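Colleague: Show me the folded form of this:
(chains A and B)
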Number of protein chains: 2
Amino acid sequence: MHRFCSFFIFVGLLAAEPADWIWSARYVITENAARPVILNGAVAIRGERIVGVGTRAEIDARFQAKQRLDRPEAILAPGLINTHTHAAMSLFRGIADDLRLQDWLEKFIFPAEAKNVSAEFVRWGTRLGCLEMLLGGTTTFTDMYYFEDVVAEVAKEAGMRGVLGETIIGFPVADSKTPADTLKFTERYLIRFRGDPLVVAAVAPHALYTNSDETLRASRALANKYQAPLIIHLSETKKENDDTLEKRHMTPTKVLDSLGVWNGRSVAAHCVWVNEADLAILKERGVGVAHCPSSNMKLGSGVAPVVRMLALDMAVGLGPDGPAGSNNDFDLFEEMDLAAKLQKVTTLNPQALPAAAALEMATIRGARALGMEKEIGSLEDGKRADLIMVRLDRPNAVPLYDPISQMVYALKAGDVRDVMVNGKPVVRDARILTLDEKQILLKAAEYREKVSASLK
Amino acid sequence: MHRFCSFFIFVGLLAAEPADWIWSARYVITENAARPVILNGAVAIRGERIVGVGTRAEIDARFQAKQRLDRPEAILAPGLINTHTHAAMSLFRGIADDLRLQDWLEKFIFPAEAKNVSAEFVRWGTRLGCLEMLLGGTTTFTDMYYFEDVVAEVAKEAGMRGVLGETIIGFPVADSKTPADTLKFTERYLIRFRGDPLVVAAVAPHALYTNSDETLRASRALANKYQAPLIIHLSETKKENDDTLEKRHMTPTKVLDSLGVWNGRSVAAHCVWVNEADLAILKERGVGVAHCPSSNMKLGSGVAPVVRMLALDMAVGLGPDGPAGSNNDFDLFEEMDLAAKLQKVTTLNPQALPAAAALEMATIRGARALGMEKEIGSLEDGKRADLIMVRLDRPNAVPLYDPISQMVYALKAGDVRDVMVNGKPVVRDARILTLDEKQILLKAAEYREKVSASLK
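Modeller: Numbers count the residues shown, from 1 in each chain, chains lettered A, B, ... in the order given. You can find the predicted model right below:
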């Protein structure tokens, strides 16, 4: 009896490993190759990081947590990763739908931006974007817009992870007169956010066709000086490719390669009109791809060769793009569903892109696209604690035969119940904890009036 | 002063037109061609029907309502119309995803159905389907399955409108040994539900390739005897067309025309592989088309020529199809969004199918597809009171520049707040009023165990 007691004391001591949180759920989708889904699983969190992943019994035996969240009817999964967006454009949501790209840009977006975009516009627009993204299970967003220092401030205020780059573009914009000025701004910004736990400051030349070769080379040099990622739009439309081929006798991918733009950590958004030689370059240079199915569909841009990219094991993530015409929301559940369905229908093959591949793109493969696979994208010891809890107690969630299939094809952004970023709960029971939702909705209504008036 | 008073008494008398309900909202989308969207609008309902549509001021001045529902931050719209589904298959949700049609049917669906489908299975599966559909704003569903008398009972219990037909198919199924038996069952069923305010009993031969010519002719004759619609699958896959062309040297549309199957009210689901001659036949015969973008994408079936169908002003509605592989939910918001985006991306034209056309397919054009455009599909005096209230006070709903664009591209099934069918509220503040949600979710979990065990 005495020996039996000391055995339990010994176990008790083992169980004393401290944790700040234990989150448990019926299914834990880890996106860890070795143990993809755990039934009745749990995750232990200490500070900013995950310190244990296993069955609930294993985790409860090992850790003593200060607080816990147990959801017997939920899926616990890695936070979703948005690899391409323009968050502040939320304030232009649906302002100009169903238009040709040229009309959309020239008649609506450029005039609307010229008349409305300010630091305050970006602050409220990004707040609205972060609010929608967090409530829908996105824990990391990759943004390219103006006043990106304000975007970074809002990301920190929201408690959201961001890879954020100020748009570098060859004409005067709201916060910068020349690309040279923007590069100077970007350098100060890179220094300001160096080592931040949430913000990864990036260098963001808009595209090949909107920048000089000199600016593009300078962007790469600046990114490499600070080990920052470079983010850029690439081969989104056929016109972009045709124009470049005519002018430079090379594809955009090849031109950028010849300029050395891919010589470092890079994320290219869209990559719709890329040929096999382009893919070989992107693969060779380790360029991450941000696939944006909603946007490519809605603007009629075309279908990116994602099946081929995955066959090459390229780092492909998902992005909703901006909500002002190219999409109307920031919903990564929808992008997963569309990524799978779009490849199936255009190849006439229902096996072309299965649910598991779509979920991977929204998590660990998306993390690879951003060069952050050691920090985020899966539930594994030592990674940043970015987690989401998705409810299974709604009619659209039952019955459940396969949690991964359910995540991609049946569950919705609205089913997300709790969200943690970097060890800190930011959504609890579908309510935001970090932002003032009511005030943001009021501001959105105010901006609606201002923007509408400005276009009359 | 005296004359002033009598003026008010006079207005009071004018306002005395009785109504059971007034529902008002910031935007009323009528789908009535003359007055598509009303700002600060309202609808008056008496008994099963709409008796007035106008601004809130107009309706309040004219009607004295027993009860009212005012939503200053919502869109009030016609209930959405599902023109093709298999509701009870909800219990097989996601059981076999990402498979080729043949494997999916032969290895999973047929065995699962053979071992599980019973009257009780259909009762609970349809309850789950109706629950999800009503909560998501669908007020009418078009169903083809087994034990369709049970489906009709559930529709009435749920307070949902249905166009419901027992599958007639050339092999023995759970509730019928031969097509002749099913035709007899169908005749009794047509008589039983004749004149029902919610159920439109239909005749539902599964497809050309699963029925004899004799059965198809008899199905048409039976439908016409009772002025019932005939519902059928048509040209869903390339294989179906190739096989028919090889065997009969005609397309399925042409074969069915030669058999006289289109000589009466008909709804054909899918119509992916239809050529210009087929479209001419379908148009000439007034056949309604149920377009199912999710299903066609997920099964890799192909892209229906919807732009061409709309150019011909054909009656095209939307359907989510069944949730066991061809889709995983019953979400008409998603089908609207996909219908628009799929046509845009495959034609490389962002104007190919605008938001208004997608919403029309989910409402008045869907009603036309079912031959019910005089009863449902728009908010107009004299029509059945099928209405939905969609909330605009969530982050994904703001700002709002165009209510129709917002409905199609930004709002979600989860944003539906209230639903009325045939004058009776069935969803209030996102809670179902007619079904026992808790019990349905428990039953779904029970069936999950049974179905999983049956496939081992």
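
Colleague: Neighbours of the residue in the stretch 151-300 of chain A that chain B sits nearest to, how many?
Modeller: Relative to chain B, the nearest point of the stretch 151-300 of chain A is residue A:297 (3.7 Å; Cβ to the nearest Cβ). To be clear about C-beta, it is placed using only N, CA and C from the backbone, and glycine gets the same treatment. When counting by other Cβ atoms under 10 Å in any protein chain shown, one arrives at 25 neighbours for residue A:297.

Colleague: So in chain A, which strand runs the longest?
Modeller: Secondary structure of chain A per DSSP state E: the longest strand is strand A:63-78.

Colleague: Okay, buried residues for that strand please.
Modeller: By neighbour count on 16 or more other Cβ atoms under 10 Å in any protein chain shown, the buried set for strand A:63-78 is A:63, A:65, A:68-69, A:71, A:73-78.

Colleague: What of stretch A:189-202?
Modeller: Neighbour-count burial for stretch A:189-202 [16+ other Cβ under 10 Å]: A:189-190, A:193, A:198-202.

Colleague: sorry, back to before: and the next helix or strand past the longest strand of chain A?
Modeller: Sequence order places strand A:80-85 as the next helix or strand after strand A:63-78, per DSSP states H and E.

Colleague: hmm, the helix or strand following that following strand in reach of chain B?
Modeller: Under the assignment DSSP H and E, the closest C-terminal helix or strand after strand A:80-85 is helix A:101-103. Yes - shown here: helix A:101-103 in contact with chain B (Cβ under 8 Å from any Cβ of the partner chain) through residue A:101.

Colleague: helices and strands around the helix or strand that helix A:101-103 is followed by, which ones?
Modeller: Counting by DSSP H and E, the next helix or strand C-terminal to helix A:101-103 is helix A:110-116. Counting contacts by 3 or more Cβ pairs under 8 Å, 6 or more residues apart in numbering or on different chains; DSSP states H and E, the secondary-structure elements packed against helix A:110-116 are helix A:437-454.

Colleague: what's the distance between the helix it packs on and the middle of its chain?
Modeller: In terms of Cα atoms, centre = their mean, to the nearest Å, the centre of helix A:437-454 is found 25 Å from the chain centre.

Colleague: swap in stretch A:109-119?
Modeller: Distance of stretch A:109-119 from the chain centroid (Cα atoms, centre = their mean) equals 24 Å.

Colleague: Name the residues of it that are buried.
Modeller: Neighbour counts using 16+ other Cβ under 10 Å place A:109, A:112-113, A:116-117 of stretch A:109-119 among the buried residues.

Colleague: For that stretch, what does the pLDDT average out to?
Modeller: Mean pLDDT, computed over stretch A:109-119, is 92.

Colleague: what sits up against it?
Modeller: By Cβ atoms under 8 Å, 6 or more residues apart in numbering or on different chains, the residues outside stretch A:109-119 that reach it are A:88, A:91-92, A:95-96, A:146-147, A:150, A:173-175, A:324-325, A:447, A:450-451, A:454-455.

Colleague: out of the residues you listed, who's near chain B?
Modeller: A:91, A:95, A:447, A:451.

Colleague: Who are the contact partners of the second one?
Modeller: Each residue near residue A:95 by Cβ under 8 Å, 6+ apart is listed here: A:108-109, A:112, A:324-325, A:451, A:455, B:401.

Colleague: Please pick the buried ones from those.
Modeller: The neighbour count (16+ other Cβ under 10 Å) marks A:108-109, A:112, A:324-325, A:451, B:401 as buried among the contacts of residue A:95.

Colleague: May I see those residues organised as TSV, with distance to residue A:237 added?
Modeller: Compiled in TSV, these are given as follows (distance: Cβ to Cβ, whole Å):
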residue	distance to residue A:237
A:108	17
A:109	15
A:112	21
A:324	17
A:325	14
A:451	26
B:401	24
